[in-house]
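Asker: have a look; sequence and predicted model below, questions after that.
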Amino acid sequence: MTQDDFPSADERPSKSQRKREMHALQALGERLIAMNEAERARFPLSDDLLAAIAETDRIRAREARRRHMQYVGKLMRREDLEGIQAVFDELDQEKLRRDHAFHRLEQWRDRLIEQGDDAVAPFIAEFPDVDRQALRQLIRNARRERDQGKPPTNARRLFKLIRDTAGL
């Protein structure tokens with residue numbers, strides 16, 4: 001063995017860097033633990049990690065849970081981190097698309113309440129399957145509630161009708 005066989009201090013990660021990496025893996029494991037079974041099934045996880053995740057629910061003591069999370073972090077080192085991160089990115093994109101769709105529907109609700117019948121025709125053009133009678137009734141009731149300063153019960157019902165019509 002020569003001096004060249006050992007990595008120099010510049011090439012090795014520092015102890016602090018290794019600790020940061022381990023904490024990041026533990027945090028990734030905690031995100032996996034927080035998910036339900038259906039969401040977790042999308043990830044490329046080993047049987048050992050799945051067993052450790054399932055065992056987490058059983059652990060109540062604070063110190064035992066901390067040690068178990070370190071164990072989960074240790075198991076995460078052997079996982080396909082790029083594959084796991086790709087699924088997390090995909091989930092984040094789905095959530096973002098869902099949020100944008102909800103914001104769009106909220107804008108429709110506000111527009112329908114503000115403009116009344118002037119906004120109904122464009123809405124029906126975009127969503128032809130809507131129950132037109134219920135839509136007009138909810139718009140009238142929501143406008144009346146707003147004008148009288150009452151809680152927005154019908155505005156919520158209008159949003160539910162819009163959401164159901166849009167299929168979200």
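Answerer: Okay, I see it. Nothing here was measured: the structure is a model prediction, and the numbers come from that model.
Asker: tell me the centre residue of this structure?
Answerer: In the chain, the centroid-proximal residue (Cα atoms, centre = their mean) is residue 95; its distance is 4.9 Å.
Asker: select the longest helix from this protein.
Answerer: helix 81-115 (DSSP state H).
Asker: so which bits of the helix or strand that contains residue 21 are buried?
Answerer: Residue 21 is located in helix 15-34, with elements delineated by DSSP states H and E. Across helix 15-34, burial judged by 16 or more other Cβ atoms under 10 Å covers 25, 26, 28, 29, 32, 33. Quick note: C-beta positions are derived from backbone N, CA and C, even for glycine.
Asker: looking at those, which is nearest residue 72?
Answerer: Ranked by distance to residue 72 (Cβ to Cβ), the buried residues of helix 15-34 are led by residue 29 at 3.8 Å.
Asker: quick one: contacts for the closest one?
Answerer: 49, 53, 69, 72, 73, 75, 76 (Cβ atoms under 8 Å, 6 or more residues apart in numbering).
Asker: tell me, how many residues neighbour the closest residue to it other than its chain neighbours?
Answerer: Leaving aside its chain neighbours, residue 29 sits nearest to residue 72 (3.8 Å; criterion: Cβ to Cβ, 6 or more residues apart in numbering). By other Cβ atoms under 10 Å, the residues close to residue 72 number 21.
Asker: would JSON lines of the contacts of residue 29 with pLDDT be doable?
Answerer: Shown next, in JSON lines, are the contacts of residue 29 (pLDDT from 0 to 100):
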{"residue": "49", "pLDDT": "91"}
{"residue": "53", "pLDDT": "91"}
{"residue": "69", "pLDDT": "90"}
{"residue": "72", "pLDDT": "90"}
{"residue": "73", "pLDDT": "88"}
{"residue": "75", "pLDDT": "91"}
{"residue": "76", "pLDDT": "89"}
